Structures are given as structure tokens and as C-alpha cells.
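Student: model this:
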Amino acid sequence: MMPLISMALIGNDTVARNDITGAIRSFNGQVGILATAADLQGGLRTIQANTPNVVLLEIGDLERGVKETSFIVSRWPETKVFALAAAKDPDWILKLVRAGATEYLTKPIISAELIEAIRKVAHTSGLNGVNGTAQGKTVTVFNPSGGVGTTTVAVNLAAALAAQGKKVALMDANLFCGNVTSFLDFTPRYDLSSTTSNLGRLDGNFLMSVMERHRSGLHVLSAPLDLEEAAEVTPEQLREVIAVMQEAFSYTIIDAGGPITSCNQAIFASSDLIFFTTVLDLPSLKNAKRYLPLVRKVAGPNGRIELLINRHTPKGEIRAADAEKILGTRSYCTIPNAYSDVRGAINKGQPVTSCSPRSPVTKAINELAQLLQNETVSTSATLKRTFFP
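Tutor: Coordinates of the predicted model:
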């Protein structure tokens, strides 16, 4: 089978080259290395002849790396450049991204980061079936300040997908203020720190052993109970955990919030879709107007951010159309305001979709879950028609 994503490796680090080769094995032949070269001059013939989807460019000198990245991007605009360097320096990242690099990877290579970067290239090329071990869809529900119902949306969306027969993980990534366990009324035996402190053992079986199986059908990974352990969670750990979840589950729903730290940036980069959640009042819309551009910037050119309006009242003083005009974007979904239904469900420790099946919130959440599934089915069918006749 011819690879759907082609790569050229430029650099002389044999360890990094072996790591890359090992990571792309998970794509089962859908990603292939056309050629390797010690330097750009040696790789130009391959690039000129094949225009690979990705050039992974090893960089030891920043000034030279900027020039080479800019040269590749200007000559072959359809080719994505992944910069690979040992330096974890913001100045390097900024200058190389400005020169045109799509991704900045550090040594030693983290397989989950490379896999996610390749998935993004596949997505922008219309090859969403190129998933490697990361086969499931990851949806993050986010608002930086809270109080707008992100946990309500995340919990109920996950419950609706599970009720519709999907294998669903719900991850509470609001590290310091997570409330998923309260919404579902259980005390976990293990939490996120159980995985981040055992990355050497982390695989699908270990993950399932530390996740809580809720009576709604969800598999839940709660935020760390200990705040000191929450403070020790790193972006790299989150990427690894999410990558294993994506392999094990059809859908991974992430409840996220708080400042846009490096941990939230890692979550955004690992997500197929980010729902920026807001309500229709002036403080919330002002906050959304401030943060939406930053979320888009952090998620990168391949990130997908959609506006989700919660607690919507059609006859409210501020309408959905007003919010769309203020924020400069269409809303993907609106969840109606049914405060008593939501409050009752939270107090019972159950999803609204379970304890109030006739609630307008339940109807809207079920429609949202179906919409996400329709997107996935449509993409899969297109891929089969295009690549597997």
C-alpha cells in the first residue's frame, strides 16, 4: 500500500531517526519515509522530485534553521516543516514558527507529539483516517474563568455519546478546580496523577484499570485529588495520557478550564475539536472576545475551535446573533436554559440526560452528540470511497 502521508527526514541524529521510524509504525503503512539526508542540500533532490507532505528538519543552529525553514516553505508551500531541536527555548520556537514551521518538536522525541502532528497534517489534507494509534475523536470543552457550564456540557455530552452506544472517556483536566466527580456523585479510587506517575506502565490495559466505570456507561479519569500532585502534572504527561485514551476510546471528552497554561496548550494541541463555551451576558462575552483569539493561536492553524452557547434564552436581552457578531464567529450549537433541570441533576449526581430525559437540555445535548457522530461517519465514508475502493 502506498503511504498517504510522505515524509523526508533531514538530519544526522540516528537516535531521533530511530524514534521517528518507531512512532510512524503505528500508522500501519499510511505514513512513509521517502528518504533521509544528513543536511538540506542532500535532501533537496527528494523534495524537488516528490514534494513530501512533511519535511522533518533537524536544527542545531537557529539562524541556519530559520533560513532553511523559510526556503522550504517558500519553494514548496504545500509541504509542512516540522522543526526538531534540542533547545526548549521560546525564542527558538517563535522564530521558527514565524519562518513557517508548522510544528516544533524537541529531543528526545515524544511519540505522542509526533503522532498528533502527523494527524493534523492528515486532517488539513482531507485524510482524517490517517490516525495511527490515535483512532478516537477528542473533544475539549473549555472556558478560562468557569461559571458558564463547561462541566455540565462535558459530562452530559459524554453521557449522551455513551447512551448512544459509543465507548467514551471523560477526563477532568481542570487540574485545580475539577468537579466531574461531584457532578457524577462518586469518589474515585484513582485519578489523573495515577497515570502521570506511571507513564512507563501506561497502556490501554493500565488506563482502564485506573479509570472509574460510571453507571451511565462512562469511563472517568478525574482530576488529581491532591493539589500538590496537580501542580506536578506536565504537558508531556497529558499528551501521553490523551494519546492512550484516543487509542482506547471512540470519543474522549475533556473538561478543561483555567488560564491558558502549557498544560492547557497541550490539551488543545491533542484535540480534534475545542468547544469554547460561553453564556449570553456582557462579562462572559467580553471574556470570550479576549480569549478566543488566543485559543485559536495556541491551537495552531490546524486546530478547530467552535463556539458553544450555553443557557440560551431566545427572548433574552442578548441574542445568539448578537454574540456571533461581537465574537466574529458562528455558533456551532446552543444549549437552552433549563436551570431547574440542570441543578436537580447536579444535586442528584446524575447527568441531565439520565434523570431528565424530556428536558430541552437533554434534547440539545443528544442532538450535539448525534452531530459529532455524523461528522465522524461522513469522514470515514469519504475516506473509504477515496482511498479504499
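
Student: Residue ranges in the stretch 251-389 of the chain under the pLDDT threshold?
Tutor: 376-389 (pLDDT under 70).

Student: Please name the nearest non-neighbouring residue to residue 141.
Tutor: residue 154 (4.2 Å; CB to CB, 6 or more residues apart in numbering). C-betas here are computed from N, CA, C, even on glycine.

Student: Check what pLDDT that neighbour gets.
Tutor: On pLDDT, residue 154 comes in at 98.

Student: Contact partners for it?
Tutor: By CB atoms under 8 Å, 6 or more residues apart in numbering, the contact set of residue 154 is 141, 170, 180, 253, 254, 255.

Student: cutoff 10 Å now
Tutor: 139-142, 170-174, 180, 183, 253-257, 275, 277 (CB atoms under 10 Å, 6 or more residues apart in numbering).

Student: next one: the helix or strand encompassing it to chain centre, how far?
Tutor: Using DSSP states H and E, residue 154 sits within helix 150-163. Distance of helix 150-163 from its chain centroid, counting by CA atoms, centre = their mean, to the nearest Å, is 17 Å.

Student: Buried ones in it, by neighbour count?
Tutor: 150-163 (16 or more other CB atoms under 10 Å).

Student: OK, contacts around the most centrally placed residue in the chain?
Tutor: Compute the mean C-alpha point of the chain, and by CA atoms, centre = their mean the closest residue is residue 271, 1.0 Å away. By CB under 10 Å, 6+ apart, the contact set of residue 271 is 116, 137-142, 242, 252, 254, 256, 299, 303-305.

Student: Let's see that with 8 Å instead.
Tutor: Residue 271 neighbours (CB under 8 Å, 6+ apart): 138, 139, 140, 254, 299, 303.

Student: closest to residue 284 among those?
Tutor: The closest of those to residue 284 turns out to be residue 140 (CB to CB; 18.3 Å).

Student: List the beta-bridge partners for the closest one.
Tutor: Counting by DSSP bridges, residue 140 is bridged to residue 254, residue 274.

Student: which secondary structure element contains the closest residue to residue 356 other than its chain neighbours?
Tutor: Counting by CB to CB, 6+ apart, residue 356 lies nearest to residue 341, which is 4.5 Å off, once chain neighbours are set aside. Assessed by DSSP H and E, residue 341 sits inside helix 339-348.

Student: ok, now residue 55?
Tutor: Per DSSP H and E: strand 54-58 holds residue 55.

Student: Distance from that strand to the middle of the chain?
Tutor: 22 Å.

Student: again, but for stretch 118-126
Tutor: 13 Å.

Student: What segments of the stretch 51-200 of the chain are helices?
Tutor: 62-75, 90-99, 111-124, 150-163, 180-184, 192-196 (DSSP state H, counting those that start in this stretch).

Student: wait, which of these is closest to residue 83?
Tutor: Nearest of the helices of the stretch 51-200 of the chain (CB to CB): helix 90-99, 4.6 Å.

Student: Can you show me the CA trace of the closest one as CSV?
Tutor: The C-alpha coordinates for helix 90-99 follow below in CSV (Å, rounded to 0.1, in the frame of the first residue of the first chain):
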residue,chain,number,x,y,z
PRO,A,90,10.7,30.1,23.5
ASP,A,91,12.9,32.3,21.2
TRP,A,92,13.7,29.3,19.0
ILE,A,93,10.0,28.3,18.8
LEU,A,94,8.8,31.8,18.0
LYS,A,95,11.4,32.4,15.3
LEU,A,96,11.0,29.0,13.6
VAL,A,97,7.2,29.3,13.6
ARG,A,98,7.4,32.7,12.1
ALA,A,99,9.7,31.3,9.4
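
Student: who does that helix touch, helix- and strand-wise?
Tutor: helix 62-75, strand 80-85, strand 103-106 (3 or more CB pairs under 8 Å, 6 or more residues apart in numbering; DSSP states H and E).

Student: Any chance of a markdown table for the ones you listed, columns mean neighbour count?
Tutor: Output for the helices and strands packed on helix 90-99, formatted as a markdown table (neighbours: other CB atoms under 10 Å):
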| stretch | mean neighbour count |
| --- | --- |
| helix 62-75 | 17 |
| strand 80-85 | 25 |
| strand 103-106 | 20 |
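
Student: Just send those back as JSON lines, with mean pLDDT too.
Tutor: Formatted as JSON lines, the helices and strands packed on helix 90-99 follow (pLDDT from 0 to 100):
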{"stretch": "helix 62-75", "mean pLDDT": "95"}
{"stretch": "strand 80-85", "mean pLDDT": "95"}
{"stretch": "strand 103-106", "mean pLDDT": "91"}
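
Student: Tabulate these in a markdown table, adding columns for distance to residue 227.
Tutor: Converted to a markdown table, those look like this (distance: least, CB to CB, whole Å):
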| stretch | distance to residue 227 |
| --- | --- |
| helix 62-75 | 38 |
| strand 80-85 | 34 |
| strand 103-106 | 28 |
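
Student: Tell me which of the ones you listed lies nearest to residue 285.
Tutor: Comparing these by CB to CB, strand 103-106 comes nearest, at 32.6 Å.

Student: Please name every helix or strand in contact with the closest one.
Tutor: strand 80-85, helix 90-99, helix 111-124.

Student: if you compare the ones you listed, which one is most tucked away?
Tutor: Here the criterion is mean neighbour count by mean count of other CB atoms under 10 Å, and of the helices and strands packed on strand 103-106 the winner is strand 80-85, at a mean of 25.

Student: Go ahead and produce PDB holding the CA coordinates of it.
Tutor: C-alpha atoms of strand 80-85 as PDB (Å, rounded to 0.1, in the frame of the first residue of the first chain):
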ATOM      1  CA  LYS A  80       4.800  21.200   6.100                       C
ATOM      2  CA  VAL A  81       8.000  21.700   8.100                       C
ATOM      3  CA  PHE A  82       8.400  20.000  11.500                       C
ATOM      4  CA  ALA A  83      11.400  21.700  13.200                       C
ATOM      5  CA  LEU A  84      13.300  19.300  15.500                       C
ATOM      6  CA  ALA A  85      15.700  20.700  18.000                       C
END
